[in-house]
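# What follows is a predicted structure for the sequence shown.
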Amino acid sequence: MTDRRSELAANLAQVEERIAAACAAAGREREEVTLIVVTKTYPASDVRILSELGVRHVAENRDQDAAPKAAQCADLPLTWHFVGQLQTNKVRSVVGYADLVQSVDRLKLVTALSAAAVRAEREIGCLIQVALDAEEHGRGERGGVGAGGIEELAAAVAGAPGLRLDGLMTVAPLTGPYAGRQQAAFERLGELATVMRATHPAANMVSAGMSADLEQAVAAGATHVRVGTAVLGVRPGLG
Ligand SMILES: *Cc1c(COP(=O)(O)O)cnc(C)c1O
């Protein structure tokens, strides 16, 4: 094994252990939680190693980096998630490789994604990104829609050709009433997801939790955790 390969294998094993322990503590089956490895800022060669190590879901947050990386990894059996703030002028590119977009947070984006998906003859899974630090009808600073905006967006996605409504996503807020209270934040997301499923029963993905708070997410019922640093290492600079 190369050094990088053994490093990634060891990190992955540790994350796997954490997820398994969190599931056991919460009385959940390990199969109820899917690991998405966030490969942003890391090269395609790492994605390839992760795929060989059994990873099946990867996520990226910038189209400029993700598009070439996905192209270099097109032969791998991976599901690609887009998790970053998304400008409508990038949508056509993103729809070319992303299977799911987890950061749907405004109607204009729904319209653009739908048009691009139809044109590409693809079906794109959509998660609505919820900003728990935003006002009920406001928007988050790092993307996301306030809880009061979920229903309208969900209906728009559900009715949009080429799109499939899959669930909700959040990032633990750094400010507001949930700052420092990750588990409470993720439980709130779970409640909002339950409400949404009353109208959209197939939208059963709850994406929450990152390297620092995956245990709280699993305890709160998340179905998907998005882990970067704990698998790949600390990213240089912002990312
Ligand atoms: C970067 C990122 C992650 C992963 O964060 P880590 O702390 O590196 O695990 C998860 N979700 C989103 C939306 C991200 O941008």
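Received it, and whenever you're ready, just let me know what you need.

# Could you list the buried residues of stretch 64-82?
Asp65, Ala66, Ala67, Lys69, Ala70, Cys73, Leu76, Leu78, Trp80, His81, Phe82 (16 or more other Cβ atoms under 10 Å). Just so you know, the C-beta spots here come from the backbone N, C-alpha and C atoms, and that holds for glycine as well.

# Send over whatever helix or strand the second one lives in as CSV, restricted to the C-alpha atoms.
What that stands for is Ala66. Per DSSP states H and E: Ala66 is located in helix 63-72. Provided in CSV are the C-alpha atoms of helix 63-72 (Å, rounded to 0.1, in the frame of the first residue of the first chain):
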residue,chain,number,x,y,z
ASP,A,63,-18.0,23.2,-9.5
GLN,A,64,-14.6,24.4,-10.8
ASP,A,65,-12.9,21.7,-8.8
ALA,A,66,-15.6,19.0,-9.0
ALA,A,67,-16.2,19.0,-12.7
PRO,A,68,-12.7,17.9,-13.8
LYS,A,69,-12.4,15.5,-10.8
ALA,A,70,-15.6,13.8,-11.6
ALA,A,71,-14.5,13.5,-15.2
GLN,A,72,-11.3,11.8,-14.2
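
# Okay, now the sheet partners of the helix or strand that comes right after that helix, with direction.
Following helix 63-72 in sequence order, the next helix or strand is strand 79-82 (DSSP H and E). Strand 79-82 has the following strand partners under DSSP bridges: strand 57-60 (parallel), strand 100-104 (parallel).

# Is Leu143 part of a helix or strand, or is it coil?
If you look again at residue 143, you'll see it is Gly, not Leu. coil (DSSP: H, G, I helix; E, B strand; the rest coil).

# where along this protein do the strands fall?
Ranges of strands in the chain, per DSSP state E, are 34-38, 57-60, 79-82, 100-104, 124-130, 163-170, 205-207, 224-227.

# now those in JSON lines, with mean pLDDT and distance to Val157?
Below are those laid out as JSON lines (pLDDT from 0 to 100; distance: least, Cβ to Cβ, whole Å):
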{"stretch": "strand 34-38", "mean pLDDT": "98", "distance to Val157": "20"}
{"stretch": "strand 57-60", "mean pLDDT": "99", "distance to Val157": "19"}
{"stretch": "strand 79-82", "mean pLDDT": "98", "distance to Val157": "14"}
{"stretch": "strand 100-104", "mean pLDDT": "98", "distance to Val157": "6"}
{"stretch": "strand 124-130", "mean pLDDT": "98", "distance to Val157": "5"}
{"stretch": "strand 163-170", "mean pLDDT": "98", "distance to Val157": "4"}
{"stretch": "strand 205-207", "mean pLDDT": "98", "distance to Val157": "13"}
{"stretch": "strand 224-227", "mean pLDDT": "98", "distance to Val157": "17"}
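
# Alright, calling it a day.
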